[in-house]
Structure formats: structure tokens, C-alpha cells
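In: The following comprises the amino acid sequence and a computationally predicted model.
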Amino acid sequence: MGRNRIAFLALSSTLALIAAQPAWAQDQAAEPAAEAEEIIVTGFRQSLTQALEEKRNEAAAIDVIKAEDIGKFPDSNLAESMQRIPGIALARGDGGEGRNISVRGLGPGFTRVRINGMEGTSQTGSSDIYGAGNNGRSFDFNVFPTEIFSSLAVRKTPSADVEEGSLGATVDLTAPKPFDTAEDFVLSATARGIYNELSKKVDPRASLLVSKKFGDGMFGVLGSIAYQKRNIREVGYSGVDILPTNVNGGLCSPIGYAPQNPANNPAKGADALNCSTGNPRTGTVSAYETIQNLRRADAPNIAGSGAFLPRIPRYVNSEQDQERIAGTLTLQFNPDDDTDISLDMLYSRFDVTRRDNYIAGLSFARSIANNGQPMVSVRDVEFDENGSLVYGLFDGVDVRSEGLVDHFVSTFKQANLNFRHRFNDSLELSGLVGLNQSVWDGKKRLQTFMDVIDSDNFSIDFRNGGTVPTIGFGFDVSDPNAFTYAPGRADGTVLGGFSFQGKPSKNTTDNVMGELNLTWTASDAFKIKVGGQYRESEFLSTFLRPFNADTAVRALPAGTTLADITRQIEGVGKLWGHGAPNSWAAIDPDKWADAFGFDDVRYCGVECGGGRARVREEIKSAYIMGQFDLTDMVGIGLRGDVGVRYIRTDMKSSGYIPVAPPAGVTSPTNLVGQYAEAFNGYDDWLPSANIVIEPIDNVLIRLSGAKVMARPELGLLTPTSGVNPITRVGNVNNPFLDPIRANTFDAAIEWYFQPGALLSVAFFYKDIKSFIQTINSQIPFNQLGLPNALLENSNTLPTELFNVSQPFNTPGGPLKGIELNAQVPLTFLPGFLSNFGVLANYTHVTSEIEYCLASVAGECTVSTTADLVGLSPNTASGTLYYEDDKFSIRGTINYRDRFIRGIPASQGSDLQGNAPTVYVDASASYNITDDIKLILEAQNLTDEQNRLYIDSVRQDTLFETRIGRTFSAGINVQF
């Protein structure tokens, strides 16, 4: 049975158990919720009950996760916590750690996050396969440890008094405050050790929270701090891209084959007998013609257009050292029930050093200019019926051992003053003033590599029936002396080298916000709420560039060999299998830097081709909203809110298009590059309504309708452009993008059939009026209007085609779905079985967006209809838990269906996708005393592996890795 069906079977079993509940238990339905009391959260079951009360009492559709105990959030990662909420799918990053979320099919860019009531931005780095550095509005939850928050709420339907900017949801993260608990003094400390079966290290994680009230209970101070150090290892396979053989100029034809490829070229040594200098034509006619005869239906006259090869087939070893430290400090003044003033401060720092190593076949990623694919002979080859490679044996393949060191630090800091005062029974004033800053500081991204030129007997073998191949390199990859590191040859041959890859770089987002709200209670049945808000956000992105003289590849110093500056990457074959070598030689970046003196590399900014871009948004808004509760007037429960919000957005963006300084320049010159500036502005009126009907006790019917909007990603708004001459990819941004706008409708039925229990079904529909899509075009570099200086040191010609992308506003489409949710404490069962409980949810979403796959002169020539990027048609979660006075244990299974990661994809492929995943986690705790608790946790118990693929039909693997199981054990002490 496939693991992708496990979640559905688990949910089916859960719902069957609920359906079998005795009728007498259903008769014990809960009475309507009483006035909320101050509750001290003491366990998982109590946290579920408290969260359910908040959901029930809200007019809008909202889901809440509460801390089990003060300082004890129920999961190790905020994004992973939200998997239990219906409609939320988790996007994982490096090491399998939860990074951001999509809500009801809408990706991370459509979700707003507020921290203590103020909108925040959180950005981290990542490997390229997971999107590299975040320079948009998507919120990366892995910046924060969970211990500094006490509540997480996901608001799925808008109200006029909640600021705009979300199509998916607004997520509220709330740090604890002194008056959250009735106790005058609280101290909670937790210490854990964390072990991962791949990294094989025990890492520390600890937190401390102290809360104290003073002055007869009018003043309170709460401080918390959390620290985590973690070592992560990830091993696997990457194809980088899958391309038809014609893209890079075909392969080397056998001796005597006509037409000859490549043609005679004395500079490169190509003639009737040789593919290149010292590289004889060894291919067979049968293998070569197999490739030539495979042609796509949309390219029937192009030989090899239907034969697909991995662009850079390689084994992957990725290791990370992570360090998180965060803290909160809250000063609260609460002299009476009518006044509450708090100053909330929060800080978090996430420091990551990632070391990636690859052993790869490189020739399939290169054209003839780089002595690439046309210099490769094919001796044997097999493809399946869709053109996917099954087996290939090649000669003349360049092999590379590549290393990448990426060091970044993400910091977030915020201070905000919240106040509320009730003047009398009719009038209340509340507000917030605050500022925060998010900084993603990419301190280093150094690539080093050494090469083997024209390796024979290179093989790629998928015949084992799996989704990843066995790669044979044709020589002993553990022998450093088999590789070369030297300046390139005049014919374009690369013999090793390095790259700084646009680092150091930094993204800084500063937010300032002030809001004021006035509530007038006209009667027990009706309130009017009015308010206004001012927000200012400034995004600044910069990167430095090393001096030209410091980027030249130099020969090894006299007396130095590759053995002196290399190390061995060990254990991948044992941990991953699939024919991976147990060891391969790789440049040691520290030894390399010492040998060449590269710790003294000189950097400069826009004056020598660095980049700088800025986006400044000023947002002014005002709203009016009526809140009503007509229960006493109409005889059934009837409450809700109706209102409208007006927003004015003004945007200014500016930036430099970086250009390399002229060849031979060894120090900064006058400004190099093109400066651009742009202005944009727009108005929005956003009406919204939420209605809750309770026709019979404990059954709620929710109806909601609204207009919503989400602003474009920040990185798309900078008026900059650029190219990567190695991969021949270019981009041109668009500062005049309009927001994505939609009309939404939600309906739900909720049955609170016993205390702490819920069965519900919800339907949602979003008519997305406009969308933002990046459209790709094949354009020669010399037609982009960019200087040829961008191609320096790349061996790429100005006449070569570049895949150029630019974002545009395009028509949207409908999105609709259904959510099923169950929360059932099994208290109706006899004896100890009454301590069990289940949580289960399932969401099905469909959408229809027309994507432009290719364009000419701005006009779409090829289009397709598909789901939204990031939308999983099916997501599900199930939790079974047990809890008594001493012992608590629970297991959770999360299923996410396949989803699109990018569309369009490379030539001949319609999309990039992510295969379905099933993750299983568990946790347990035991109370030794009332104040001391032991904790055990485990993540990814089934050793799930994530796979990215390209093309909806072929589904060729782009990336598949193993992250292993993670276990932690700890102790919590609380007074």
C-alpha cells in the first residue's frame, strides 16, 4: 500500500470512530459557552479546549493553537504546528525543517503574519532548489523558536478592523504577557538534547521564562529566552534541470556520420576523428540515432528535441550548523479591568552555515562555447516512451567536484506599545504604535570546484526502477590527483575555479506602524468600531562585488598539490545508497583560502558593479465596522460584523542594474551600472461581512464574504535586471505591478457536540480577479539591451539565446475547496480509554489559472491551464493522543499532495512539481511531580524523503534527499 494513502486511511478510521460514538454521549452536548474565564493552560487537552473556545466565539473563521503550559508550545517549529490546522500545507526547506505555509491552496506570499499585533517580515536563506534567499513577503517561520510564543491564530476570513494584504490568511503570533496567568510569579525552564540519525550528533536546546507581578498586581514583567544549536545533514541526488539534447547543441556524432557534429573547428580540436582536442569520437551510430530520432510533437523538425537528459546529474551532501537565540520582554500595566497598557519587545537571531558538496557530470549543462555537450560521445542509450532517460553510457564527460559554503544570519527585532482603555460602558479606545526590522545578511556564498576533463565510461542508470539513478564517473572520485585546478585554456576548457555568487548581500526590511481604534457600544446588540492605520515599509537589498583582479583563477602555488587543499566527503553511499560513492575528494574551503590568500578579497558596491535596490511603501487606511448580536431579538443565535476598509498604497522603487567593470580594472571606478527609479500607487475599497447563526444549541452556521488583496512580492518591484551567463538565464523586474485582488465567499457548519469537541465542514470560494505571472521568452542576449560586460569570464557569446523572465499582471481564475475538521476527546469511553482523543482534518482544493508558457514581443504564443503554484489538491492531518494526570503521548500524521513549484519550466517541460509527502511525528511527556516533567519527541518517524520533479507527464526527478529521523529528550521545571 502506498504511503500517500496512509493519511486518508487514518482519517477514515478516525471519522468511523466518531460515527460509532454512542447516542447517549451525543446527548451530553455542551451548554452554550459561558463568559470566558482566565485559564491556566496545563496540558495538551486543555490547550485544545481553550483554542476551541476562541474559535467558537469569533465572528470570523479562525483556528488557534495555544501553549500547553506557559513556555511550552506543542511543537518544535511554528510552521510544523500549523499542519494540524485545516487547509494549511507546510513548505519545508533545507534539512526538512518547516519554513513557510500555504493556506487553502494559496502560497506563502499570500499570507500575512502579525507579531503581537504588528505586521512582520521574516527572511532566511536556502539552497537554490528550495528558492534560495527569500526577498519577498513570504514569512519564514524557522527564524523563530517556538518557546517565545504562547498562541498562534490563523484568520481565514477578513474583518474590516484587520488590516489588508492577505488572500490566504492572516497569522497572529502572540508572545506571553505577565497577566496571561493568575500567578504572581512563574518560572519555567526546559532543556533538551536533540539527535538526528544522519548528523549523528546530540545538540542542545533550552528555554527560560520568568514572570513577576508587582504593586498589588497592577504591574507585571515577563522575560523569556530560548536557545538552540542544531547540526543537520541531508544526502541525495540532484539533476538540477532536465533538458532536451538539442538545447546545448546535441552530442558528438560517431566517426563518418553525416552531418558531423560538432563541425571542424581547429581552435577546439574538432575534426572528423575527434570531438575536441584529445577527445576521440567513440559514439555508436545506434545510440546517436536513438537520440536524433526522438522529437517532441511541438518540435518535430528538431533532432533530439524529445530526448531528455539531466542537466547536471550529481550526488548531494549538505550539512548545516544552525544556531537560534531569541527572547521577549514585556512590561504590562493593568490597574483595573478598564485599562491595559503593555510594551512588548522581541528579538530573534538565526545563524546558519551550510556546506554543500556535489560530485557531478557537467558536460550536459554546457554548449559548444564551453566545450560541453557537443564534445560528448554516446556509446549506449535507452529512453522510455516519454523521452526520459533510462540508461546512458558516455565518453568525454567533464566531471566536477563542487563545494559551496553559504553563511547567513537572519535577525528580527520589534518593539510595540499596545494600549486599551474603556472610558465607560459605551466607549473604548485602543491602539498600537510599533516598529520592527528584519535583516537577512548573506555574509558568504563561496563556490569552489575542481574538474576532470573528458572522462570516459560515464554512466547514468535508472534501470533499478527507482526515481533516482546510479551514476558512474569512470574514475576514482576519491583521488584528488585525478582532478585539475588551474586557469582555463584558450579554447574555453575550464580546469577548476571559484565564484563568490553575489555575496556578501543583505536584505533589510523596516516597518513602522501606528493604529487607533474607537469602539462605541450603542446597546447590548450593536457596536460601531472605527479606526485608522498608517504603515510604512522600506525594503533595501544590496550585494557587493569583488574586484576583478580577485576573481581570476590562479595556478596552485609552487609546492602545493590538490591533495594539500582537499578533504574527503564521506558516508553518502552508506546513508543514501543508490550507487553513491562512499567518499569523494572536494576542495577544503579553508585550506583553499589559506593557499591563495582569499581571506583578503576586496569588495565594493555599485561603484564597481555591485547591486542595490529599494522599495518603499506607504500605506494609509481607515475603516468602519458594525458588530451585532441579535440573539435576544430574533430568538436564535445571530451575530457577526459588517464593514468596509479603504486603503491607499504609494510605492517608490529604485535600483542599479549591476555591470562588471572593464577587464583589467583592479580597483573601484566611477559608478558602473544603470540607475532606475519608478513610482506607483493604487486605491482599494474592501468590504467584508461575517455572520454566525446558531439555529439550535451548539450548531453554528458561518457565512462570510469579502473583497481582498495581496501586494506583489517585494523583489519583483525593484526596477532592476540581470543575467547569469553560465546558465543563460535572465530576468527583468516590473515595478508597475498591480496587487492581486479577489472576491471571496466562505460558508461553514460547526457542531460543538460536547465540551472540547467539534465536527465541522466548510466551503470556500475565491474568485481571483488578477494574478502575477512570470513569463519566459527565448531572446538573444544582444537583444536585451544589457552591456556585454555581464558576459565577462563566462565563455558565453552575445548571440546565444537566454531564457528571460519578466513578471506581468495576468487574468486570474477561480479557486474553491472544502474542509472537514474533527476534534473529539473520547471522554464517553469507559475507564482509561476516556483519556484518549483524536484530531483529524482533510482539505480538498481546486483552482484554474491560465499560464503563459512562451511569448513573442509580449504576446502569449503558448498557454496552459493548471493549478496555482504551491496548491496541493489534497491535504490531511490526523492526531491520536492520550493524556492523564501524569502521562501524555500523541502521534501526528500529515499528508500533502503533489503541487506545482514553478510554471513554466524548461524547454520541453510544462512545470516543476513536488511529489506527495507523508510525515509522521510523535511526542510524550511524564510528570514526575507537579513541577517537573520529562519530555520525549520524534520527527519523521517513517524516514520520509522529499522529491522534486519536472514535467507533469515524465516526472523526471530534479531533487530527492534523505533527512533522517530526529529524536529529542528533555526536562521541564516550572514553579
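Out: The structure has been received and is ready for your questions. Numbers count the residues shown, from 1 in each chain.
In: tell me what the strand ranked longest in the chain is packed against?
Out: Ranked by residue count, the top strand of the chain under DSSP state E comes out as strand 427-455. Strand 427-455 is packed against strand 118-119, strand 397-422, strand 497-499, strand 505-523, strand 583-587, helix 589-596, with contacts defined by 3 or more C-beta pairs under 8 Å, 6 or more residues apart in numbering; DSSP states H and E. Where you see a C-beta, it was placed from the backbone N, CA and C, and this is true even at glycine.
In: a markdown table please, covering these and showing distance to Pro310, mean neighbour count and mean pLDDT.
Out: A markdown table is the format used below for the helices and strands packed on strand 427-455 (distance: least, C-beta to C-beta, whole Å; neighbours: other C-beta atoms under 10 Å; pLDDT from 0 to 100):
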| stretch | distance to Pro310 | mean neighbour count | mean pLDDT |
| --- | --- | --- | --- |
| strand 118-119 | 42 | 23 | 92 |
| strand 397-422 | 12 | 21 | 95 |
| strand 497-499 | 22 | 20 | 89 |
| strand 505-523 | 29 | 17 | 94 |
| strand 583-587 | 18 | 23 | 97 |
| helix 589-596 | 26 | 17 | 91 |
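In: Could I get the full set of helices for the stretch 651-800 of the chain?
Out: For the stretch 651-800 of the chain, no helices are identified by DSSP state H, counting those that start in this stretch.
In: if we can go back for a sec, among the helices and strands packed on strand 427-455, which is nearest Met709?
Out: strand 118-119 (14.3 Å; C-beta to C-beta).
In: For Ala866, see how far away Pro712 is.
Out: 21 Å (C-beta to C-beta, to the nearest Å).
In: what about those two, which has more around it?
Out: Pro712 (24 against 18; other C-beta atoms under 10 Å).
In: Identify the residue nearest the more buried one in space, chain neighbours excluded?
Out: Excluding its sequence neighbours, the residue lying closest to Pro712 (C-beta to C-beta, 6 or more residues apart in numbering) is Leu737, at 4.2 Å.
In: so Leu853, which of the three states?
Out: Under DSSP: H, G, I helix; E, B strand; the rest coil, Leu853 falls in the strand class.
In: I'd like the numbering to begin with 45 instead of 1 from here.
Out: Right, with 45 as the first residue, what we last looked at is Leu897.
In: Work out for me the element Val108 sits within.
Out: strand 106-110 (DSSP states H and E).
In: pLDDT on that strand, on average?
Out: For strand 106-110, mean pLDDT is 89.
In: just how off-centre is it within its chain?
Out: In terms of C-alpha atoms, centre = their mean, to the nearest Å, the centre of strand 106-110 is found 22 Å from the chain centre.
In: which other helices and strands contact that strand?
Out: Looks like strand 106-110 contacts helix 88-101, strand 195-199 (3+ C-beta pairs under 8 Å, 6+ apart).
In: Using PDB, list the CA coordinates for the last one.
Out: Output for strand 195-199, consisting of C-alpha atoms alone and laid out as PDB, is shown next (Å, rounded to 0.1, in the frame of the first residue of the first chain):
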ATOM      1  CA  SER A 195      -0.500  31.500  20.900                       C
ATOM      2  CA  LEU A 196      -0.800  31.100  17.200                       C
ATOM      3  CA  ALA A 197      -4.000  32.100  15.400                       C
ATOM      4  CA  VAL A 198      -4.900  31.700  11.700                       C
ATOM      5  CA  ARG A 199      -7.600  34.000  10.500                       C
END
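In: name the helices or strands packed onto it?
Out: strand 106-110, strand 213-218.
In: please redo it, this time with the cut-off set to 10 Å
Out: In terms of contacts (3 or more C-beta pairs under 10 Å, 6 or more residues apart in numbering; DSSP states H and E), strand 195-199 is packed against helix 88-101, strand 106-110, strand 142-147, strand 155-159, strand 213-218.
In: Which SSE is immediately downstream of the host helix or strand of Ser921?
Out: Per DSSP H and E, Ser921 falls inside strand 918-927. Using DSSP H and E, the helix or strand that follows strand 918-927 in sequence is strand 931-940.
In: Could you list the residues in contact with the first helix or strand past that following strand going along the chain?
Out: Sequence-wise, the next helix or strand downstream of strand 931-940 (DSSP H and E) is strand 943-946. Strand 943-946 is contacted by residues 133, 135, 146, 149, 151, 173-175, 818, 893, 895, 910-917, 919, 954-960, 992-994, 996, 1002 when judged by C-beta atoms under 10 Å, 6 or more residues apart in numbering.
In: Please narrow these to those residing in strands.
Out: Using DSSP E, these in strands are 133, 135, 146, 818, 893, 895, 910, 919, 956-958, 992-994, 1002.
In: give me the number of residues near Ala526?
Out: Neighbour tally, Ala526, other C-beta under 10 Å: 17.
In: wait, what's in contact with it?
Out: Ala526 touches 443, 445, 494, 496, 499, 517, 519-520, 606, 629, counting by C-beta under 10 Å, 6+ apart.
In: In space, what's closest to Asp520 - neighbours in sequence excluded?
Out: In space, Asp520 is closest to Ala526, 6.3 Å off (C-beta to C-beta, 6+ apart).
In: Distance-wise, check the one you found relative to Thr537.
Out: In terms of C-beta to C-beta, Ala526 sits 16 Å off from Thr537.
In: do Gly856 as well
Out: For Gly856, the distance to Thr537 - C-beta to C-beta - is 49 Å.
In: Same question for Leu242.
Out: 37 Å.
In: now swap in Gly416 and tell me
Out: Gly416 is 10 Å from Thr537, by C-beta to C-beta.
In: Find residues that contact each of those two.
Out: 320, 442, 839.
In: pretty sure the last one contacts Arg410?
Out: It refers to Asn839. Yes: Asn839 is within contact range of Arg410, at 8.8 Å (criterion: C-beta atoms under 10 Å).
In: Comparing these two, which residue is more hemmed in?
Out: Arg410 (23 against 20).
In: buried stuff in stretch 800-813?
Out: For stretch 800-813, a neighbour-count test (16 or more other C-beta atoms under 10 Å) marks 800-804, 806, 808, 810, 812 as buried.
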